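[1] no letters, just coordinates:
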Ligand SMILES: Cc1cc2nc3c(=O)[nH]c(=O)nc-3n(C[C@H](O)[C@H](O)[C@H](O)COP(=O)(O)O)c2cc1C
């Protein structure tokens, strides 16, 4: 099994981004599992807390370490990624040089009610992921414009969009396999299980 961690950049209960993530998780492809990780409990980043980590941060870092790859679906706020997502990535990026997220394959998706689909947030998100030495899935930008017309009943119902995003998940899984990231995550899962 390829274990993917799904992170939504929106805390909104009726979030379109979370709806997209849930749709991908409903049917992630052969031998693939997507587990959603909500960001609601994370405190604001404060380097002073690195010596006595808030439990929610430890949970996040362990979840990333145990994941073979990550899929992020984020809205665009004022031409960038939401602070909630940047905050989570800042927590995930430490300890510097030893962060579990470094080297992890990541598929970035943005969505917006605007026709632009969050392209500016997408570019910013890519920059941040590169700074953290993540392996980005390289493919045409996965952006969803006019997302309010493509989500119904809490799920992405626009079939061409769903087909395109599922292909992105397929590329992410291929990158996990090619990079050996899955083996490193399996070692981490074994450590946590105490095998
Ligand atoms: C604070 C704020 C700023 C926003 N700025 C942008 C923006 O710069 N570009 C854009 O396309 N949409 C912008 N939007 C609209 C969001 O893309 C839209 O509300 C989206 O549905 C939010 O994602 P969610 O449904 O997952 O919560 C903004 C929304 C909020 C609340």
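    Received it, and whenever you're ready, just let me know what you need. Here the structure is a predicted model, which is why all the values come from computation and not from measurement.

[2] pull the number of nearby residues for residue 160.
    8 (other Cβ atoms under 10 Å). For glycine as for every other residue, the C-beta is placed from the backbone atoms N, C-alpha and C.

[3] just the element for it, please.
    Assessed by DSSP states H and E, residue 160 sits inside helix 159-179.

[4] next one: that helix to chain centre, how far?
    13 Å (Cα atoms, centre = their mean, to the nearest Å).

[5] residue ranges with poor pLDDT in this structure?
    Residues of the chain meeting the criterion pLDDT under 70: 184, 192, 195.

[6] which bits of it sit near the ligand?
    With Cβ under 6 Å from any ligand atom as the criterion, the chain meets the ligand at residues 10, 12, 15-17, 75-79, 112-114, 116, 118, 147.

[7] assign the closest residue to residue 5 other than its chain neighbours to helix, strand or coil.
    Spatially, and ignoring its direct neighbours in sequence, residue 5 is nearest to residue 67 (3.8 Å; Cβ to Cβ, 6 or more residues apart in numbering). Secondary structure assignment for residue 67 (DSSP: H, G, I helix; E, B strand; the rest coil): coil.

[8] ok, residue 67 - contacts?
    When contacts are counted by Cβ atoms under 8 Å, 6 or more residues apart in numbering, residue 67 is found next to 3, 4, 5, 35, 104, 185.

[9] mind telling me what element the residue nearest the centre of the chain is part of?
    Nearest to the mean C-alpha position of the chain, counting by Cα atoms, centre = their mean, stands residue 72 at 2.5 Å. For residue 72, the element it lies in under DSSP H and E is strand 69-75.

[10] tell me the helix or strand right after that strand.
    helix 83-92.

[11] before we move on, the earlier item: adjacent strands (with direction) for the strand holding residue 72?
    strand 2-8 (parallel), strand 105-111 (parallel) (DSSP bridges).
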